[in-house]
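K.L.:
coords below, sequence missing:
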Ligand code: C5P
């Protein structure tokens, strides 16, 4: 069985208010994306496809993949305008695998235990995603900020990556999504599988350290973890 990771690093990261995309900001002298690539390099995964922004492939190849000797990175491909465009580019570039692990390059800390849980879960259920129970109470509000609903906290999880799928399932889901052309509200891959295939998604435990670098304070938090 072949296990392939897609590491997404084609975002601009506008919420970071920085000229450098967040996956290339430095954490302890190494770019954010280095840490996720290292975790995959040291894991059971067979191959990694790195998805970068337009014109960033040469930099990634030389300054990250070659510099740190990430031998499992077999392809570096350009992404698309939205996250789902980037994922679809990568899915079309890796047709010969059995399982796909899609990971946000802006999450530097997918540790070995998380990857092992992902593997166990995807081999059993075919569609799964990392997540953690929310620590805060979550409220649903209307456009004016008035509370409309309060889901029971024990049933509310925050979604993370990796999200792992059998290749056939996620590929068919994305083919259908792009045939339909309705991308409203799509922010992760589990959603695509749920909506296009009516397939349940099993959540497995990620970790509270598996944060996504999004706003400037996340860099401080990630440095503290390191
Ligand atoms: O914007 P967001 O935080 O949801 O991005 C999650 C991940 O998806 C990041 O690692 C980002 O680089 C990636 N992404 C991408 N292509 C895009 C937009 C986001 O690869 N067009």
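P.N.:
Nice, thanks for sending it over. This one's a predicted model, so the numbers in the text were calculated from it and none came from an experiment.

K.L.:
and residue 160, that one's in a strand?
P.N.:
Yes. Counting by DSSP: H, G, I helix; E, B strand; the rest coil, residue 160 is part of a strand.

K.L.:
I figured it was touching residue 208, is that so?
P.N.:
No. The pair residue 160 / residue 208 is not scored as a contact, 9.7 Å apart, by Cβ atoms under 8 Å. Quick note: C-beta positions are derived from backbone N, CA and C, even for glycine.

K.L.:
and for these two, which residues touch both?
P.N.:
Common contact partners of residue 160 and residue 208 (Cβ atoms under 8 Å, 6 or more residues apart in numbering): residue 132.

K.L.:
Between these two, which is the more surrounded one?
P.N.:
Shown here are residue 160 and residue 208; by other Cβ atoms under 10 Å, residue 160 has more neighbours (25 against 13).

K.L.:
Please list the residues outside the one helix or strand residue 217 maps to that contact it.
P.N.:
Per DSSP states H and E, residue 217 falls inside helix 216-225. Helix 216-225 is contacted from outside by 16-18, 25, 27-28, 32, 108-109, 209, 211-213, using Cβ under 8 Å, 6+ apart.

K.L.:
how about the least confident helix or strand in the chain by mean pLDDT: buried residues?
P.N.:
One helix or strand of the chain scores below all others by mean pLDDT, DSSP states H and E: helix 57-59, with a mean of 93. Neighbour-count burial for helix 57-59, with 16 or more other Cβ atoms under 10 Å as criterion, is recorded at residue 57.

K.L.:
Thanks a lot, see you next time.
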